[in-house]
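*Asks:* Give the three-dimensional model of this entry:
(one chain, ligands or ions: 1)
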Amino acid sequence: MDLEKFKGVFPALYACYDDDGEVSQERTRELCYYLYKKGVQGLYVGGSSGECIYQTLEERKLTLKVVSEALKGKLILIAHVGAPSTRDSIILAKYAESLGYDALSSIPPIYFKLPENSIYRYWTEIMDSTELPFFIYNIPQTTGYNLSIDLFKKLITNKHVKGVKNSSMPVLDIERFKAAVNEDDIIVFNGPDEQFVAGRLMGADSGIGGTYGVMPELFLKAEEFISTGRLKEATIIQAAINDIIIALCSLNGSMYSAIKEVLKLNGLNIGGVRSPMDPISGDDLEKVKTIKTLIDNTIDKYKAM
Ligand SMILES: CC(=O)N[C@@H]([C@@H](O)[C@H](O)[C@H](O)CO)[C@@H](O)CC(=O)C(=O)O
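*Replies:* Next up is the predicted model:
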């Protein structure tokens, strides 16, 4: 299978709501076109940034449908289908396949701390339910399970597994997943945006990230610096990106509330976040303006480089 199409910058799509907090088809489409015009390679739909954990099956299906109608054939689309039960994950996987998604991905089982044999069976049953390639989503800080090399080696023998979306913090994990197989046979996506450059240098082929959507220009530029060997510039732009991420995470509310407020200031209203995540309020709304200015100035600074 040609894995080239999975290389590049893949924003994790944000959940888009109307003013009543319901999933908005119109706003989802607007966000899709906004990111498409920025020149990203693809989208990761319905993951953490898609607030999958706060949405019903029907809402998640609706988002999958709207995104594929807007961008199928234009961008590479990866559907995150992980859900609390294997049954629901398979429903989403089959639905994504019917919509023409390019690949699937899933977190491990959540809530109960299950043994690796159950985690193996969960992922295997999802990936065997369709003909699509599958990327394991390793995000121990939210799921409590860190993909072991042993389980990875077992999973990779399944023809559907084409790599890992790795959001664990040690970049060493990226190198270890690559070293466990023939490195050209899999794609590893870097997950922590604060380490995009480090992840790429340790062997990640691509990136999927929750902050790409609010500053795609900067991640595309970082990718350009890496792929053209301009490593000094790559580390400098990573530091500038990190200043922005730290600012986005410093407000009372969630990082996603802050991102959505910045996008609003950019003229793109995709609504708020779902409770229990808090909206941005009070003095923090002023701080969002400062963050927007920081993002704009950083984009301007690196545009011409
Ligand atoms: C723990 C976490 O949420 N990690 C994010 C990062 O992109 C993260 O938002 C970023 O590094 C800022 O901390 C992604 O890996 C999540 C992601 O891609 C998704 O939305 O599925």
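
*Asks:* Could you count how many residues lie near the residue lying closest to Leu92 once chain neighbours are set aside?
*Replies:* In space, and not counting its chain neighbours, Leu92 is closest to Val81: 3.8 Å by Cβ to Cβ, 6 or more residues apart in numbering. All C-beta spots, glycine's among them, are computed from the backbone N, C-alpha and C. Val81: 33 surrounding residues under other Cβ atoms under 10 Å.

*Asks:* mind pulling up the phi and psi values for Val81?
*Replies:* Note on Val81: its backbone torsions stand at phi -120, psi 10 [degrees, to the nearest 10].

*Asks:* Look at Asp283 and say how many residues are nearby.
*Replies:* 9.

*Asks:* Let me see the contact set for whichever residue of the chain sits closest to the ligand.
*Replies:* Residue nearest to the ligand within the chain: Gly47 (2.5 Å; Cβ to the nearest ligand atom). Under the criterion of Cβ atoms under 8 Å, 6 or more residues apart in numbering, the contact list for Gly47 reads Ala12, Leu13, His80, Ser105, Tyr137, Ile208.

*Asks:* State the pLDDT value of it.
*Replies:* Gly47 carries a pLDDT value of 98.

*Asks:* Close to the ligand: what parts of the stretch 1-150 of the chain are there?
*Replies:* Within the stretch 1-150 of the chain, the residues that sit near the ligand (Cβ under 6 Å from any ligand atom) are Ala12, Tyr44, Gly47, Ser48, Ser49, Ile139, Gln141, Thr142.

*Asks:* Can you classify Phe10 as helix, strand or coil?
*Replies:* Classification of Phe10 by DSSP: H, G, I helix; E, B strand; the rest coil places it in strand.

*Asks:* Can you report how many residues neighbour the closest residue to Val171 other than its chain neighbours?
*Replies:* Closest residue in space to Val171, ignoring its immediate chain neighbours: Met202 at 4.2 Å, by Cβ to Cβ, 6+ apart. Neighbour count of Met202, defined by other Cβ under 10 Å: 18.

*Asks:* Per-residue pLDDT of Met202, please?
*Replies:* Note for Met202: predicted pLDDT of 97.

*Asks:* which residues touch it?
*Replies:* Contacts of Met202 by Cβ under 8 Å, 6+ apart are Val171, Leu172, Ile174, Glu175.

*Asks:* Compute the distance between the second one and Glu183, please.
*Replies:* Looking back up the chat, that one is Leu172. Distance of Leu172 to Glu183, computed by Cβ to Cβ, to the nearest Å: 15 Å.

*Asks:* Who has more neighbours out of the two?
*Replies:* Taking other Cβ under 10 Å, Leu172 and Glu183 do not tie; Glu183 has more neighbours (14 against 10).

*Asks:* tell me the phi and psi of the nearest residue to that one once chain neighbours are set aside?
*Replies:* With Cβ to Cβ, 6+ apart as the criterion, Glu183 has its nearest non-adjacent residue at 6.7 Å, and that residue is Gly203. Per-residue torsions, Gly203: phi 120, psi -10 (degrees, to the nearest 10).

*Asks:* Mind checking which of the residues of the stretch 1-150 of the chain next to the ligand land in strands?
*Replies:* Tyr44 (DSSP state E).

*Asks:* Report the separation between the residue nearest to Val171 and Arg60.
*Replies:* Applying Cβ to Cβ, one obtains 32 Å for the distance of Met202 from Arg60.

*Asks:* try Tyr212
*Replies:* To Arg60, Tyr212 is 21 Å away according to Cβ to Cβ.

*Asks:* How about Arg87?
*Replies:* When Arg87 is compared with Arg60 (using Cβ to Cβ), they lie 14 Å apart.

*Asks:* Please say which of these two ends up with more neighbours.
*Replies:* Shown here are Arg87 and Arg60; by other Cβ under 10 Å, Arg60 has more neighbours (26 against 10).

*Asks:* wouldn't the more buried one be in contact with Gly46 here?
*Replies:* Yes. The pair Arg60 / Gly46 is scored as a contact, 5.4 Å apart, by Cβ atoms under 8 Å.

*Asks:* Give me the common contacts of the two.
*Replies:* Cys52, Leu92.

*Asks:* If you count contacts, what does the helix or strand encompassing Ser89 end up packed against?
*Replies:* Using DSSP states H and E, the element containing Ser89 is helix 86-98. Applying 3 or more Cβ pairs under 8 Å, 6 or more residues apart in numbering; DSSP states H and E, one finds that helix 86-98 makes contact with helix 57-71, strand 76-80, strand 103-106, helix 116-127.

*Asks:* show me where the stretch 201-305 of the chain has helices.
*Replies:* 216-227, 231-248, 255-265, 284-303 (DSSP state H, counting those that start in this stretch).

*Asks:* Tabulate the ones you listed (CSV), appending mean pLDDT.
*Replies:* Shown next, in CSV, are the helices of the stretch 201-305 of the chain (pLDDT from 0 to 100):
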stretch, mean pLDDT
helix 216-227, 98
helix 231-248, 98
helix 255-265, 98
helix 284-303, 97
